[in-house]
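Q: task: produce atomic coordinates for the following.
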Amino acid sequence: MIDVLYVITRLVLGGASRMLLTLLEGLPSARFRVSVAFGPSEERNLEEEVRRRAHRLYPVPSLIRPVSLFQDLRTLRALEAILRSQPFHILHSHTSKAGFLGRLAGARQKVPIVLHTPHGHVLEGFFSRFETIAYKAAERIASAWCHRIVALSEQEKNFYITHRVAPAKKVVVIPNGIDVGKTALSRPGREIRSELGIGCDDFLVMAVGRLVEEKGYSELCEAFSLFLKTGVKANLVILGDGPLKTRLLRETAPLDGAVRFPGALYPAMEYISASDVLVLPSRYEGFGLVLLEAMACGVPVVASAVGGVPEIIADRDNGLLVPPRNPEKLALALKSLYDSRDSRLTMGERGRDTVLRRFQASRSVADTANLYEELLLRKVQ
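A: Residues are numbered from 1 along each chain as shown. Just a heads-up that it's a prediction; the model follows:
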């Protein structure tokens, strides 16, 4: 039996937590026993879903996103205590803060194999110049404490190599995947629309994600306003919670209820399946798991051409790509899909085919399990 400890900053309803949940569901229980250490979250999260699938949960109250010397030292001590409590064979950290402290704890406690999945980098565009330099330095140091960095896309891998975060031999690519079987949903679209206050025949645009700057929702709301000015009748529903909710409500107030924020609803795929178009307007994006969820449901997608997104979406084939921070181009993309039901159907079909061929959860889980066993075998030898 291989004992694995996952360390993640928070279990919020985001791509990192959902990927972790996919691994918990898919890794063979006859070979792997997986526990999870995680920090607190005030937002809706996946703690109960993770609890049902993990061998053991280790809440770490001091594991918070902001840098705090006192709290970070407490977290390091807590993680080291967990690692001393039983002999873990593998420590696999997820997201930035958990990645730095988890890798350090793993190295100090001599865990045989340590891996890290960043879930998209924040090495450009997030912080001031000084903060970015400090963050890059921290990532370079932390990369020495692990055996592999798992990137979600070739773009992400190349970025780490180009910026000398880690040598090429240390970075592997394992894209996210989803369980296509979960598209057999229990609730019909009309029921979902009724819950959201949307008519069965209304054109529904949907976005899913935390309400934070990097997700580009201000640009989406501006684009949707331009879209409405073309005379269309449509609604925009943004599923998610976060610090920008109050500001976004204020920005969209003049649109007479055409934009709605029902909160973080789960499972998101049920709601996505009831929409006509899924939009991912991110300024930065590591992968874009929500794109796979929409594509698996046959829902056409419009997405910013950032991060690993162009490795999923071929423009005008299985979706539409637009430049980030460009409301005008985003509005035009929405109008083109609004005007052509045939385009929506064709892109939806091609999107589902893309997921079936390239992005199934079973493949991601198998690649991860094989990586774990390969690294352990090398360690033994």
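
Q: in contact with G307, which residues?
A: When contacts are counted by C-beta atoms under 8 Å, 6 or more residues apart in numbering, G307 touches G120, S153, Q155, E156, S282, Y284, E285, G286, F287, G288. In short, each C-beta sits where N, CA and C put it, glycine included.

Q: is it in a helix, a strand, or coil?
A: coil (DSSP: H, G, I helix; E, B strand; the rest coil).

Q: and it, how far is that from R283?
A: 10 Å (C-beta to C-beta, to the nearest Å).

Q: and the contacts of G307, which of them are in helices?
A: Using DSSP state H, the subset of those located in helices is Q155, E156.

Q: just the buried members of the contacts of G307?
A: Neighbour counting over those (16 or more other C-beta atoms under 10 Å) leaves G120, S153, Q155, E156, S282, Y284, E285, G286, F287, G288 as the buried ones.

Q: quick check: the third one touching A305?
A: No: proximity of Q155 to A305 does not meet the contact threshold set by C-beta atoms under 8 Å, at 10.6 Å.

Q: what helices and strands are in contact with whichever strand or helix holds S362?
A: Counting by DSSP states H and E, the element that carries S362 is helix 361-380. Helix 361-380 makes packing contacts with strand 2-8, helix 15-26, strand 90-94, strand 113-117, strand 148-151 when contacts are defined by 3 or more C-beta pairs under 8 Å, 6 or more residues apart in numbering; DSSP states H and E.

Q: residues making contact with it?
A: With contacts defined as C-beta under 8 Å, 6+ apart, helix 361-380 is touched by 2, 4, 19, 22-23, 25-28, 31-32, 89-90, 112-113, 115, 147-148, 150, 172, 174-180.

Q: so how far is that helix off the chain centroid?
A: 21 Å (C-alpha atoms, centre = their mean, to the nearest Å).

Q: CA atoms only for it, dumped as PDB, please.
A: Listed next in PDB are the C-alpha coordinates belonging to helix 361-380 (Å, rounded to 0.1, in the frame of the first residue of the first chain):
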ATOM      1  CA  ALA A 361     -10.300  11.700 -16.000                       C
ATOM      2  CA  SER A 362      -9.300   8.100 -16.200                       C
ATOM      3  CA  ARG A 363      -6.300   9.100 -18.300                       C
ATOM      4  CA  SER A 364      -5.200  11.800 -15.900                       C
ATOM      5  CA  VAL A 365      -5.500   9.500 -12.900                       C
ATOM      6  CA  ALA A 366      -3.700   6.700 -14.600                       C
ATOM      7  CA  ASP A 367      -0.800   9.000 -15.700                       C
ATOM      8  CA  THR A 368      -0.600  10.300 -12.100                       C
ATOM      9  CA  ALA A 369      -0.600   6.800 -10.600                       C
ATOM     10  CA  ASN A 370       2.100   5.700 -13.100                       C
ATOM     11  CA  LEU A 371       4.200   8.700 -12.200                       C
ATOM     12  CA  TYR A 372       4.000   7.900  -8.400                       C
ATOM     13  CA  GLU A 373       4.900   4.200  -9.000                       C
ATOM     14  CA  GLU A 374       7.700   5.100 -11.400                       C
ATOM     15  CA  LEU A 375       9.300   7.600  -9.000                       C
ATOM     16  CA  LEU A 376       9.000   5.200  -6.000                       C
ATOM     17  CA  LEU A 377      10.600   2.300  -8.100                       C
ATOM     18  CA  ARG A 378      13.500   4.500  -9.000                       C
ATOM     19  CA  LYS A 379      13.900   5.500  -5.300                       C
ATOM     20  CA  VAL A 380      14.000   1.900  -4.300                       C
END
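
Q: and that helix with strand 113-117, angle?
A: Counting by axes from the mean of the first three to the mean of the last three C-alpha atoms, to 10 degrees, helix 361-380 lies at 150 degrees to strand 113-117.

Q: what residues sit buried inside helix 361-380?
A: So for helix 361-380, counting by 16+ other C-beta under 10 Å, buried means A361, S364, V365, A366, D367, T368, A369, L371, Y372, L375.

Q: what's the closest of these to L278?
A: Distance to L278, by C-beta to C-beta, is smallest for A361 among the buried residues of helix 361-380, at 18.7 Å.

Q: distance of that closest one from L220?
A: 28 Å.

Q: and whichever strand or helix holds N235, how far from the chain's centre?
A: Using DSSP H and E, N235 sits in strand 234-239. Relative to the chain's own centre, strand 234-239 is displaced by 20 Å; criterion: C-alpha atoms, centre = their mean.

Q: what angle sits between the next helix or strand after that strand and strand 234-239?
A: Sequence order places helix 245-252 as the next helix or strand after strand 234-239, per DSSP H and E. Counting by the same axes, to 10 degrees, helix 245-252 lies at 170 degrees to strand 234-239.

Q: list the contacts of the closest residue to V60 other than its chain neighbours.
A: Once flanking residues are discounted, V60 sits nearest to A78: 4.9 Å by C-beta to C-beta, 6 or more residues apart in numbering. By C-beta under 8 Å, 6+ apart, the contact list for A78 reads A37, Y58, V60, S62, L63.

Q: same check on R164?
A: R164 sits next to R140 when contact means C-beta under 8 Å, 6+ apart.

Q: one more time with 10 Å, if that's ok
A: K136, E139, R140, S143 (C-beta atoms under 10 Å, 6 or more residues apart in numbering).

Q: measure stretch 144-161 end to end?
A: End-to-end span of stretch 144-161 (C-alpha to C-alpha, to the nearest Å): 14 Å.

Q: next, the angle strand 90-94 makes with the least confident helix or strand in the chain by mean pLDDT.
A: Every helix and strand of the chain was ranked by mean pLDDT, DSSP states H and E. The lowest is helix 129-143, at a mean of 84. Angle between the axes of helix 129-143 and strand 90-94 is 160 degrees (criterion: the same axes, to 10 degrees).

Q: quick check: buried residues in helix 129-143?
A: So, applying 16+ other C-beta under 10 Å, buried residues of helix 129-143: Y135, K136, E139, A142, S143.

Q: distance-wise, check the first one relative to D201.
A: If I follow you right, that is Y135. Distance from Y135 to D201, by C-beta to C-beta: 48 Å.
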